[in-house]
Structure formats: structure tokens, C-alpha cells
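In: Based on what follows, work out the 3D shape:
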Amino acid sequence: MMFDLVKRSAVVLAMALAAVTAAVAPAQAVSAYSGGHPYNSGCAGNGSQWASSPVAVYDGSTLVGYGYLRYSGGCQANWSEFQYANSTAYNNYTVGPSAWENGTTGTDQYSPNLAANPVYSRMVDGRSTACAGAQIYRYPSGQHVTWAFFACA
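Out: This is a model prediction of the structure:
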């Protein structure tokens with residue numbers, strides 16, 4: 001009987017501590033735009049800003065284009081974006097941008113639009129540090145050129 005009383009007291013105490021912990025440290029929700037498309041959602045044109053200086057990406061001495069880490073304060077989301085230097089680069093290269101929450105595994109978001117200019121990744125939660133980069137390939141051979149890191153901010 002004493003054991004049951006101790007057991008019940010422990011359960012009540014555990015429930016009380018859980019309630020206090022939840023009240024003190026509520027879980028943060030992920031941005032509603034995480035995993036979405038920056039252009040289809042309106043985030044790209046609605047209060048967005050460049051989160052990094054452009055990073056020039058080359059294949060030897062050939063300029064392929066410029067990469068960016070983008071941020072929308074209104075959507076609280078980040079994404080990776082790449083703009084081809086010109087139509088020759090667009091026709092001769094394929095770029096696969098990605099964005100991820102820095103230090104958080106499993107948050108990588110890859111490009112849904114490999115045949116566009118600009119080409120961009122899906123969005124990640126922008127309330128903490130995010131990073132961006134891209135894989136660059138020659139087209140149509142698919143030969144890997146480089147991994148280009150754009151920024152973390």
C-alpha cells in the first residue's frame with residue numbers, strides 16, 4: 001500500500017513538472033513556409049532581401065553564374081538561389097541549389113525547378129542560421145564541375 005502511494009506521488013510530481021516545463025519553454029513552431037517554393041508562395045517578392053553578397057561560380061575561367069542565400073522576413077524563411085550568367089551558361093550547365101538550417105540534420109531542401117533561371121531551392125526555417133550552396137554540372141554530359149558554397153547567415 002505504501003508502494004502505491006509513493007508511485008502515485010511520483011506520477012503526480014512528473015505530471016506537474018511536465019506542465020511547468022511546457023509553460024516555461026513552449027516548443028517553437030517551424031516557419032509555415034518551410035519546404036515551400038519561394039516564388040509560388042510570394043515570399044521571393046514580398047519583403048525578401050538578399051542575405052548574402054553574390055558568389056561568382058566558375059568552371060575554370062568560364063563564369064557560370066551567381067549564387068545567393070536569400071531571406072524573407074515576412075515568411076521567416078531562407079532559400080538558395082542561383083542566377084545563370086547568360087544564355088550560354090544556362091544552356092551548358094545544370095545547377096542544383098540547396099539550403100539547410102545550420103547545425104540541424106535532415107533540414108536540407110533541394111531545387112524543385114532545375115530548368116529555370118533563376119533556379120532555387122525550397123525554403124527552410126529562417127528564424128535561425130541557414131546556409132546555401134549548389135552542385136554544378138555540365139549539360140548534357142552530367143559531369144560534376146564543383147560544389148559551390150554561398151553563405152550562412
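
In: all contacts plus neighbour counts: C-alpha atoms, from now on.
Out: OK.

In: Show me what the longest strand along the chain is packed against.
Out: Secondary structure of the chain per DSSP state E: the longest strand is strand 62-72. Other helices and strands packing on strand 62-72, by 3 or more CA pairs under 8 Å, 6 or more residues apart in numbering; DSSP states H and E, are strand 48-50, strand 55-59, strand 77-84, helix 87-92, strand 130-138, strand 144-152.

In: at 6 Å instead, please
Out: strand 48-50, strand 55-59, strand 77-84 (3 or more CA pairs under 6 Å, 6 or more residues apart in numbering; DSSP states H and E).

In: out of these, deepest packed?
Out: strand 77-84 (a mean of 29; mean count of other CA atoms under 10 Å).

In: quick revisit: and the longest strand of the chain, what's its mean pLDDT?
Out: The pLDDT scores in strand 62-72 average 95.

In: what's the spacing between that strand and its chain's center?
Out: Relative to the chain's own centre, strand 62-72 is displaced by 14 Å; criterion: CA atoms, centre = their mean, to the nearest Å.

In: That strand: which residues count as buried?
Out: 64-72 (16 or more other CA atoms under 10 Å).

In: Extract the C-alpha set from that strand and format it as PDB.
Out: This file holds the C-alpha atoms of strand 62-72, laid out as PDB (Å, rounded to 0.1, in the frame of the first residue of the first chain):
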ATOM      1  CA  THR A  62      34.000  30.400 -67.600                       C
ATOM      2  CA  LEU A  63      31.600  32.300 -65.400                       C
ATOM      3  CA  VAL A  64      28.600  30.000 -64.900                       C
ATOM      4  CA  GLY A  65      26.600  32.500 -62.700                       C
ATOM      5  CA  TYR A  66      26.000  33.800 -59.200                       C
ATOM      6  CA  GLY A  67      24.700  32.100 -56.100                       C
ATOM      7  CA  TYR A  68      22.900  33.700 -53.100                       C
ATOM      8  CA  LEU A  69      21.400  32.800 -49.800                       C
ATOM      9  CA  ARG A  70      18.000  34.500 -49.800                       C
ATOM     10  CA  TYR A  71      15.800  35.500 -46.800                       C
ATOM     11  CA  SER A  72      12.200  36.700 -46.500                       C
END
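
In: Understood, closing this out.
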